[in-house]
Structures are given as structure tokens and as C-alpha cells.
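Engineer: no letters, just coordinates:
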């Protein structure tokens, strides 16, 4: 079987991605062959492309997709040809029409969840599940801070947090995104281009600060995040949209209130197949229930992946973006 797929031979901007044809062998032991109908776009894809996260080259891109099982390898149980499935934690190479993936890393989809929705929810949703239930277990009644609340992870996070009885203060970069963040469950929204984020957080929390800040922006928001925390609070730095945090004076954590900082990855929290299966069930259930909606606001053909990356990196997108093979 032949498939079109996106590969890079060098690191760089969106222009380094190439649409090529490759062979897809018969599925090996424990594998399934998937005809992919929708592919998720995520910031980690841009990190792999740019070289921020180093990969052996040439490399394939993409971490999540959904589709229909075309063939089943030896030893696979519980999945048959014709089943709809999705995956969110790789293996990398989702930017393709057809591919083989380990059966233990996919989740079967209920009728209530479309392939497009699934392709846009898996990596982001599993990330949110780890952030809310594992990295820091939020408690009903807490007020917390989330940066980039109108983005793909943000709109899932705020809805899920609200369903758990948590109030989210969200930051965004435009008035249009203020409306998006409010629509998806933020109790308070701060436009960081026009408002003082730290002052507003202290005003909202009556001077106390928040117990946890979730920061996927990186360098541009790092110090602001620390200043929004209450004593012994936790900064969860889980992304680098503005560039990585390269260094800071460790003594600042003591000076600002004996603070904690963690840099988690969802892959570390769900490396075990059993943990991944449990988290996937939680995600599918919260979406199936209607408590979390997945807004697919941008669609691009796989051949237009360079434009999709440019739009994502320029913060021109909201909600979820998918690629269509």
C-alpha cells in the first residue's frame, strides 16, 4: 500500500515540510493499519519541525489522528476491521493518509464522537486530563490561572475544570479571544495586551493569588506566572509557544513564597498502556457527556500543512485545528 505523508529532511520553518509517497507494510504483531480521515494539529508538531525538540532526520510529523481500521496484525484483541479509532500520543507520523500504529495505543470511538472531533481532542484532551488530575489534582471551589485560554488546549481545559467545580482565570491576547474564553467556561478573562495580569489576578483573588498556574506559553509569561501564585503555589510550565524558559535564578522561588515549578509532558504521565487507556476513557466520556465540547475552528488539507503551521504559530487560530488527508 502507498500513502502520502509529510516528512522533513531538515529543521526550519513551515517550508521544510514535504508531501511524499511512502510504502505502508502489512501490520506487524500487535499493530493495526489505519485509514486516517482526520489529523490533529498541535504545538508539539512545530517544535519537532523547528528542531526545538530534536528528532533523527529525516522525520515524519504529527502525534494524533482518527480513522478506520483497514487491517489487523497478529495478536490484536478487541479491535477489528471497520472499527473507528483514534490516538493522541503517537507514535509520531500522523501526517499521513494510511499508517500502522500499535493497537494498545488507540481508543475505540463511540457513535456520539465523530472522527474529526476525535482527531482534534486526543492529544489536547489527554494533556488536560494529566494537568487537572495528575500533575496537580484540582479541588472543587479553587480559583486557578490558565494562559492562552482561547487555544486548543485552553478551551478543553476550561470546560473540564468548570465541570469539576473549579473557577478558571484565563489570559488571552485579543478582545475576540476574550469572548471565546468566556464562551468555553472561564469565570474571568484577562486580555494581557491591555491589562496587568498580576494586578487583575490579585484583585480577583482578593490579594491571595492562585494555588496553581498552568502555563503553555513559556518564556513570555514565566515571571508573570510566578507572581500570580500564592505562597507554596505550583507553576505548571507545560509548553513553549513564546519560546522555552532557558534559565532563571532558583532563589526567586524562595523570595516569592517558597514556590514550586514543574515541567511535565503528557508522554511521561501516560507512558504506561494501562494509564493511557484509563485517561482515554475519561476523555471520551467527558466529551460524550457534552460537558466538554471540541470546537474545530480551522480545517486544512494535508497538502496545506505549511499554512496551518504558520497560522498556529502566529496565534491566528482558536480552538482546534485539523488536517484532512
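Structural biologist: Looks like it came in fine. Note that the structure is a prediction, hence the values are computed from the model and not measured.
Engineer: thought residue 146 was touching residue 159?
Structural biologist: No. Residue 146 is beyond contact range of residue 159, at 11.4 Å (criterion: CB atoms under 8 Å). Any C-beta I mention is one placed from the backbone N, CA and C, and that applies to glycine too.
Engineer: per-domain residue ranges of this protein.
Structural biologist: Domain ranges of the chain: 2-123+271-324, 140-263, per automatic domain parsing.
Engineer: okay, these in CSV with mean pLDDT, mean neighbour count and distance to residue 133 next?
Structural biologist: As requested, these are exported to CSV (pLDDT from 0 to 100; neighbours: other CB atoms under 10 Å; distance: least, CB to CB, whole Å):
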stretch, mean pLDDT, mean neighbour count, distance to residue 133
domain 2-123+271-324, 95, 18, 8
domain 140-263, 94, 19, 9
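Engineer: so which of the ones you listed is nearest residue 132?
Structural biologist: Ranking these by proximity to residue 132 (CB to CB) places domain 140-263 first, at 6.0 Å.
Engineer: start to end distance for the closest one?
Structural biologist: With CA to CA, to the nearest Å applied, domain 140-263 spans 24 Å between its terminal residues.
Engineer: then stretch 77-86?
Structural biologist: With CA to CA as the measure, stretch 77-86 spans 16 Å from end to end.
Engineer: repeat that for stretch 244-255.
Structural biologist: End to end - CA to CA - stretch 244-255 spans 23 Å.
Engineer: mind checking how far residue 256 is from residue 183?
Structural biologist: 33 Å (CB to CB, to the nearest Å).
Engineer: how about JSON lines for the domains of the chain, with distance to residue 131 added?
Structural biologist: JSON lines is the format used below for the domains of the chain (distance: least, CB to CB, whole Å):
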{"stretch": "domain 2-123+271-324", "distance to residue 131": "11"}
{"stretch": "domain 140-263", "distance to residue 131": "6"}
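Engineer: among these, which is nearest residue 134?
Structural biologist: Per CB to CB, nearest to residue 134 of those: domain 2-123+271-324, 8.5 Å.
Engineer: for that closest one, how far is the first residue from the last?
Structural biologist: This stretch, domain 2-123+271-324, spans 17 Å end to end (CA to CA).
Engineer: again with stretch 71-78
Structural biologist: Using CA to CA, one end of stretch 71-78 lies 13 Å from the other.
Engineer: got a list of contacts for that stretch?
Structural biologist: 26-33, 79-81, 100, 103, 108 (CB atoms under 8 Å, 6 or more residues apart in numbering).
Engineer: again, only using 10 Å
Structural biologist: Stretch 71-78 has contacts (CB atoms under 10 Å, 6 or more residues apart in numbering) with 1, 24, 26-35, 69, 79-81, 83, 98, 100, 102-104, 108.
Engineer: distance of residue 60 relative to residue 24?
Structural biologist: 12 Å.
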